[in-house]
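1. Predicted coordinates and the sequence they were generated for:
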Amino acid sequence: MSRSTMVQIHGGTVVTASDTFVADVIIDNGKIVALTAPSVSPAGPSLEVIDATGKYVIPGGIDCHTHMEMPFGGTFASDTFESGTIAAAHGGTTTIVDFAIQAKGSTLRAGLDAWHAKAEGNAAIDYSFHMIMTEANAGTLEEMGQLVREGVTSFKMFMAYPGVFMVDDEQIFRAMLRAGELGALITMHAEIGLPLDILIKRALGEGHTAPIYHALSRPEIAEATGTERAIALAEMAKVPVYMVHLSAQRALERVMEARDRGLPAYAETCPQYLFLDEDYLRGEPGNEFKGAGYVATPALRAKHHQEHLWRGLRNYDLSVVATDHCPFCMKDQKELGRNDFSKIPNGMPGVETRLHLLWEGVTQKKISMNRFVEITSTAPAKIFGMYGKKGTLAVGADADVVVWDPNKPKKLGVDTLHMKVDYSPYEGRVVPGSPSHVLSRGELVVENDKWVGKQKKGRGQFVRRGTFNL
Ligand code: URP
Ligand code: ZN
Ligand code: ZN
């Protein structure tokens, strides 16, 4: 039997969610087999050495909120599983959890199979799925059990987007009860959609068509109320609940209240809510439509929300930073809403820039290095049933490892990034650090911004996740 080359990541400072220490990471057959003092590290002909001197060695990022090729508003998110996962790896993310969608009137099975078909043979890094439930009826509630057995252990439901994704409280509650039986986790898009639709129609009726009206017709109270309601339903069902893409102070306060009462309420925020604000939706003088590039849901908020979100991350009221990566090109896609902001496909690119941006938060002392690792890798692994295999640097874990160079600034922009989209919301921003090496299951796939893996397309594997266990 041929023996694989062992890899030694030498001389770096290992950073996990809990510890920071100097050690070498030894990898064999795609797994971490030892963490050793550098002085006693093995050496030998079959050892490939990566010099991490002066750098940090961290677990590969886990982005638990992406939408590759997602159908939305008459078009599809512009990144495929191939292009989006290649971009993710360049940014230090080695696992994504994407959202499979149940088409209305169809089954969870058909939706999940369709997403497996998109990802299998295409994804360059490991991937898993949440299941979006657009109907919770006897059939789909039954099907949840089969999905959980197949490693799809979390489900997303929407209080927003009436007629497309929205489900009512009865369906949410039934799905929560079923999730409780199965050990699955319900994740929630918590904006109350019916009043928002009326606000949108009223704005359009008054002749307001520009992108800024996306934010003006989606006030934060709709998210705060949805968050409170989702938590109330979960409390009645006696199950945990996870708020996706939390964007604003009052919604966060609802999560804080729940957590203070000891409820298992979890929430993620996204870089766009930490680094951008609603003024971006105004575009530029003479080019208001540039704001379309910043249309995502929930909408970007006023700047003062950012400090609350950073505090929430420091205080453990927010558990995760994921991206909600859902890119649409300005040309031909965002353009669909040139004369009607409600037709601008919702979403922004982000899968490649999450670690870069959050590292800036570390250098600005908004979060510690250990918290950076926790919110980008360890916590999503724990919450979504991957911990041990993913999310930390420990003996026996998959060798998804990033060597992070704190002295490698990068100018973010369409020319320097790999996402398949014709603009960057962060164009021209210079961030202070970057990955120098990215390993996926022990294989060096990205080195100094270049793909060096043997295979690209299709090397990613589906990750069967365990049930909720916190
Ligand atoms: O604007 C967004 N967030 N697009 C993706 C769909 C969703 O609600 O996550
Ligand atoms: Zn959502
Ligand atoms: Zn999303």
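-> Here it is on my side, so go on. Ligands and ions are numbered 1, 2, ... in the order given.
2. can you count the residues close to residue 408?
-> For residue 408, the neighbour count with other CB atoms under 10 Å is 16. To be clear about C-beta, it is placed using only N, CA and C from the backbone, and glycine gets the same treatment.
3. Regarding the closest residue to it other than its chain neighbours, what are the backbone dihedral angles?
-> Nearest non-adjacent residue to residue 408, counting by CB to CB, 6 or more residues apart in numbering: residue 434, 4.2 Å away. Phi and psi for residue 434, reported as degrees, to the nearest 10, are phi -150, psi 160.
4. wait, what's in contact with residue 434?
-> By CB atoms under 8 Å, 6 or more residues apart in numbering, the residues touching residue 434 are 356, 404, 405, 408, 409, 410, 449.
5. Tell me the pLDDT of the closest residue to the second one other than its chain neighbours.
-> Which is residue 404. Leaving aside its sequence neighbours, residue 404 sits nearest to residue 56 (CB to CB, 6+ apart; 4.4 Å). The score at residue 56 is 98. That number is its pLDDT.
6. Show me the chain divided up by domain.
-> Under the assignment named as automatic domain parsing, the residue ranges that make up the domains of the chain are 6-58+392-451, 60-383.
7. mean confidence score for the longest strand along the chain?
-> When the chain is parsed with DSSP state E, its longest strand is strand 93-101. Mean pLDDT, strand 93-101: 99.
8. Show me which residues of the following helix or strand past that strand are buried.
-> Proceeding N to C from strand 93-101, the next assigned helix or strand is helix 108-119, under DSSP states H and E. For helix 108-119, a neighbour-count test (16 or more other CB atoms under 10 Å) marks 108, 109, 111, 112, 115, 116, 118, 119 as buried.
9. how far does the helix or strand bottoming out on mean pLDDT in the chain sit from the chain's center?
-> Lowest on mean pLDDT, DSSP states H and E among the helices and strands of the chain sits strand 47-51, with a mean of 93. Distance of strand 47-51 from the chain centroid (CA atoms, centre = their mean, to the nearest Å) equals 30 Å.
10. And that strand, what does it pack against?
-> In terms of contacts (3 or more CB pairs under 8 Å, 6 or more residues apart in numbering; DSSP states H and E), strand 47-51 is packed against strand 6-10.
11. Just give the strands next to the strand it packs on in its sheet, each with its orientation.
-> strand 24-28 (antiparallel), strand 47-51 (parallel) (DSSP bridges).
12. Residues of this structure that sit close to ligand 1?
-> Within the chain, the residues that sit near ligand 1 (CB under 6 Å from any ligand atom) are 67, 189, 245, 296, 297, 324, 326, 346, 347.
13. Spell out the residue ranges of the helices in this protein.
-> Here the chain has its helices, by DSSP state H, at 81-90, 108-119, 138-149, 169-182, 193-205, 212-216, 220-237, 249-260, 271-275, 305-314, 354-363, 369-373, 379-383.
14. Just the residues contacting the last one, thanks.
-> Contacts to helix 379-383, defined as CB under 8 Å, 6+ apart, come from residues 17, 62-64, 97, 185, 242, 266, 268, 319-320, 322, 386-392, 468-470.
15. on that earlier part again, next, count neighbours for the residue nearest to residue 404.
-> By other CB under 10 Å, the residues close to residue 56 number 22.
16. With residue 298 instead?
-> 28.
17. Not counting sequence-adjacent ones, nearest residue to it?
-> Nearest one to residue 298, counting by CB to CB, 6+ apart, is residue 247 at 4.1 Å.
18. circling back: could you dump the least confident helix or strand of the chain to PDB, C-alpha only?
-> The C-alpha coordinates for strand 47-51 follow below in PDB (Å, rounded to 0.1, in the frame of the first residue of the first chain):
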ATOM      1  CA  LEU A  47       7.700  14.900   4.900                       C
ATOM      2  CA  GLU A  48       6.600  18.000   3.100                       C
ATOM      3  CA  VAL A  49       7.300  21.000   5.300                       C
ATOM      4  CA  ILE A  50       5.400  24.300   5.200                       C
ATOM      5  CA  ASP A  51       7.200  27.100   6.900                       C
END
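19. Buried residues of it, list them for me.
-> Of all the residues in strand 47-51, those buried under the rule 16+ other CB under 10 Å are 47, 50.
20. ok, back up a step: would you mind giving the residues of the chain next to ligand 1 as JSON lines with neighbour count, pLDDT and distance to residue 377 added?
-> Below are the residues of the chain next to ligand 1 laid out as JSON lines (neighbours: other CB atoms under 10 Å; pLDDT from 0 to 100; distance: CB to CB, whole Å):
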{"residue": "67", "neighbour count": "24", "pLDDT": "98", "distance to residue 377": "20"}
{"residue": "189", "neighbour count": "23", "pLDDT": "98", "distance to residue 377": "23"}
{"residue": "245", "neighbour count": "24", "pLDDT": "98", "distance to residue 377": "18"}
{"residue": "296", "neighbour count": "26", "pLDDT": "98", "distance to residue 377": "23"}
{"residue": "297", "neighbour count": "21", "pLDDT": "98", "distance to residue 377": "26"}
{"residue": "324", "neighbour count": "27", "pLDDT": "98", "distance to residue 377": "17"}
{"residue": "326", "neighbour count": "25", "pLDDT": "98", "distance to residue 377": "21"}
{"residue": "346", "neighbour count": "21", "pLDDT": "97", "distance to residue 377": "27"}
{"residue": "347", "neighbour count": "24", "pLDDT": "98", "distance to residue 377": "23"}
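21. Return the member of those residues nearest to residue 281.
-> Of all the residues of the chain next to ligand 1, residue 281 sits closest to residue 296, with 9.8 Å by CB to CB.
22. roughly how far apart are that closest one and residue 342?
-> Per CB to CB, to the nearest Å, residue 296 is found 14 Å from residue 342.
23. For residue 74, which non-adjacent residue is spatially closest?
-> Nearest non-adjacent residue to residue 74, counting by CB to CB, 6+ apart: residue 336, 6.4 Å away.
24. Next up, the contacts around the nearest residue to residue 369 once chain neighbours are set aside.
-> The shortest distance from residue 369 to any non-neighbouring residue, by CB to CB, 6+ apart, is to residue 15 (5.1 Å). By CB under 8 Å, 6+ apart, the residues touching residue 15 are 56, 57, 58, 369, 370, 372, 373, 404.
25. Among the contacts of residue 434, name the buried ones.
-> Taking 16+ other CB under 10 Å as the criterion, what is buried in those is 356, 404, 405, 408, 410.
26. Please report how far the fourth one lies from ligand 1.
-> Taking CB to the nearest ligand atom, to the nearest Å as the criterion, residue 408 is separated from ligand 1 by 30 Å.
27. With the second one instead?
-> Distance check for residue 404 against ligand 1: by CB to the nearest ligand atom, it reads 27 Å.
28. Quick one: low-confidence residue ranges for the protein.
-> Applying pLDDT under 70 to the chain flags residues 1-4, 43-45.
29. ok, residues contacting stretch 279-293?
-> 210-212, 214-215, 294-295, 299-300, 303, 330, 334-335, 337-338, 341, 344, 348, 423, 425.
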